[in-house]
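> take this sequence and fold it.
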Amino acid sequence: MAFIISGLIVVVGITFVLLKPKQKISEEAKVYINKLYSFSGELTPKEKQNYYDNAFELEKLLVQEGNLPEKEMERIKEHTRALIINNPDLILSAQEYDQRYGHILGHTHGHPHGEDLQQEKQIALEQVNAAISDLEASEIPEEAKEGLRSILNLRRESLMIKQSKIDEATRIYIEFLKNDPGVVGVMEDPITGEYIPTYLNMLKVYRRRTHNVDGTVDDVVTGITQSSSTPENQQALQAYETALNMTPPGETPPSPPDIEGLRFSVEYEDVYLNSEEVTTDKADHPMDQTVTSNTSDEETIKVEQPDEHPKVEEDWQDITDDVILLQDLLKDIDDPQTQREITIFLEEALGVPFDKFLQMSDAEIEDEFRKMFAPTDAEIEAKFKDMLIHNHAPVSDFTMFENNLRKNFTQMRTQRAIATINQLGPKKGLERLKEVDPEIAKQLEVYIQNQDRENQK
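So this is what the prediction gives:
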């Protein structure tokens, strides 16, 4: 799971519109800016509210006047970073910001029903706790009560796990930010499972070297993590990724692109056949460290990625068995009131209508319960994507378009589509993709139409 703070430049809830920076600052804007600089150290609740309100007024003004000069923007972002370190709760999600000010601006960030996901999760937890209390006080058969109790407790656990993961990621991000103002987010290292910092222009290549018993070594690319600040940098990184993936085994990989400030690193996973020790050596880079792990006497030894939720498969199977048992019990219960009570408890626990659950396949049920234990993209983005402490330039629309492709299509399809776009350009690439991948072509067509509308403004 990876999440990088990206998108618009946002400073404590204030979205600086992506307009050409102006050279002068109006007198009215100076008043608001000076007020922002007057806040420092640990703020009282009243000072925090005053900070939000002042920043909100500045946003409204900048919507009319355009962005501040780059030097002033950098100065504000530096000041904001210091405030965040001393006041972590200044971080507002886009949803929380909309709740405070969206109705005045006449827009929202499009979250479900205009409600804050954090609040939704808290309400869901309260509902499950109430359902558990009601269950214990009910007079439904004990056999049914036992199954419902198991399901409700699992649901409660899943809601608490989600929140703890998001809170932990936020805490670690702020710790990284204290020591390195260049950090723009955090992600879980796919090898160690630990959180590592991410940067504005970043390229990290994961490779696996398999050491065979005959002394030969097979070296393959297993993954790439990248982020960029401009469309030009994104194009250069994507071209590198395409070239790297096309490099035959044994040949020298291409050099990374020449991008100012690029943080480049290579992380190797060494797999030893018929060996008891596995060592993952990483490139000598401040982001990296060396990891060593010992394993059993298997014929093929490799570093195993940590299982985020090792009990999920067991839990979803247990819960499915409980639901099937309850479904059978419902058939034997003649009292409509008892049937309704059991159905209500199930819906509180499952988070989906009982009738819908009964129609779901095993794969759909498994997927539903896996979601319980991992924060969704929307929940992560609510805390990170639109955070209020961006200390870098905006990520391009094309980067966000590409990230959307990666979420919805396989890695191979996405890489092939991006390579086509880089080679032919968006519009010619669109014609080609209509022939070979119509689904991605539809996404690209919408992106091009949006860009054309923006250019006409």
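> E78 against P181, yeah?
Yes - with contact defined as Cβ atoms under 8 Å, E78 and P181 form a contacting pair (7.3 Å). C-beta here means a position set from N, CA and C on the backbone, and glycine is covered the same way.
> higher neighbour count, the two?
Between E78 and P181, counted using other Cβ atoms under 10 Å, the more crowded position is P181 (15 against 11).
> helix, strand or coil: sort out the more buried one for me.
Using DSSP: H, G, I helix; E, B strand; the rest coil, the structure places P181 in coil.
> that one and S229, how far apart?
15 Å (Cβ to Cβ, to the nearest Å).
> outline the domain layout of the protein.
With domains defined by automatic domain parsing, the chain comprises 191-294, 397-456.
> low-confidence ranges, the stretch 201-350 of the chain, go.
By pLDDT under 70, the weakly predicted segments of the stretch 201-350 of the chain are 274-334, 345-350.
> all helices of it, in order?
Shown for the stretch 201-350 of the chain, the helices assigned by DSSP state H, counting those that start in this stretch span residues 231-246, 312-332, 336-350.
> mind listing what T222 touches?
Neighbouring residues of T222 by Cβ atoms under 8 Å, 6 or more residues apart in numbering: 206-208, 269.
> strands - which of those land there?
Judged by DSSP state E, the subset of the contacts of T222 located in strands is 206-208, 269.
> which one of the residues you listed is nearest I259?
Y206 (19.5 Å; Cβ to Cβ).
> if you rank the contacts of T222 by neighbours, which is first?
Neighbours here mean other Cβ under 10 Å. Within these, the largest count is held by E269, at 22 neighbours.
> that residue against R209, yeah?
Yes - taking contacts as Cβ under 8 Å, E269 lies within contact range of R209: 7.2 Å.
> returning to what we had before: between the domains of the chain, which one is closest to P336.
Closest to P336 of these is domain 397-456 (Cβ to Cβ; 43.5 Å).
> coming back round to it: what's the closest of the domains of the chain to L125?
Of all the domains of the chain, it is domain 191-294 that lies closest to L125, at 24.4 Å by Cβ to Cβ.
> now do the helices in the stretch 1-150 of the chain.
27-37, 45-65, 70-86, 94-97, 103-105, 117-137, 142-179.
> reformat those into a markdown table and put mean pLDDT and distance to N408 next to each item.
Shown next, in a markdown table, are the helices of the stretch 1-150 of the chain (pLDDT from 0 to 100; distance: least, Cβ to Cβ, whole Å):
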| stretch | mean pLDDT | distance to N408 |
| --- | --- | --- |
| helix 27-37 | 88 | 39 |
| helix 45-65 | 79 | 31 |
| helix 70-86 | 79 | 32 |
| helix 94-97 | 45 | 21 |
| helix 103-105 | 40 | 30 |
| helix 117-137 | 70 | 20 |
| helix 142-179 | 73 | 22 |
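> and among those helices, the most buried is which?
Most buried of the helices of the stretch 1-150 of the chain by mean neighbour count (mean count of other Cβ atoms under 10 Å) is helix 94-97; its value is a mean of 24.
> related to what we said a few turns ago, of the ones in strands among the contacts of T222, closest to K428?
Taking Cβ to Cβ as the measure, K428 lies nearest Y206 of these, at 32.2 Å.
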